[in-house]
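could you look at this predicted model? Sequence included:
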Amino acid sequence: MPVFLRYTGYKIFFWNENNEPIHFHIAEGDPSSNSTKIWILEDDSFLMANNNNHIPLPVLRRILMIMQDNIDDYKKQWEMMHGEIKYYK
């Protein structure tokens, strides 16, 4: 799956899930469909769907700050890959 960013051994990536609202996954090591999943809300805030990888809270906070700084680029790439952006409600 396409990796968007890397941070201290963690990968922030797209997973090919058709018809789902915009989100990203985080994994330490190889990406998988069961990785930590974060929804992006319409106001560009985040909602954790799960933390399946048990990412420590300080690391997760830092990753979310990095994603907040890169949200526009991520949304552009999402739209190029999926054709549209739908938001979690």
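Thanks, I have it.

check what pLDDT the residue nearest to the spatial centre of the chain gets.
Nearest residue to the geometric centre of the chain (C-alpha atoms, centre = their mean): residue 24, 1.8 Å. We have a pLDDT of 97 for residue 24.

after whichever strand or helix holds it, which helix or strand is next? Please name it.
Under the criterion of DSSP states H and E, residue 24 resides in strand 23-28. Next in sequence after strand 23-28, counting helices and strands by DSSP H and E, comes strand 36-40.

can you name every helix or strand that the next helix or strand after that next one contacts?
With elements assigned by DSSP H and E, the helix or strand that comes after strand 36-40 is strand 46-50. Applying 3 or more C-beta pairs under 8 Å, 6 or more residues apart in numbering; DSSP states H and E, one finds that strand 46-50 makes contact with strand 36-40, helix 57-69. From N, CA and C alone the C-beta is placed, and that goes for glycine too.

which strands border the shortest one, and is each parallel or antiparallel?
Looking back up the chat, that one is strand 36-40. Taking DSSP bridges as the criterion, strand 36-40 pairs within the sheet with strand 23-28 (antiparallel), strand 46-50 (antiparallel).
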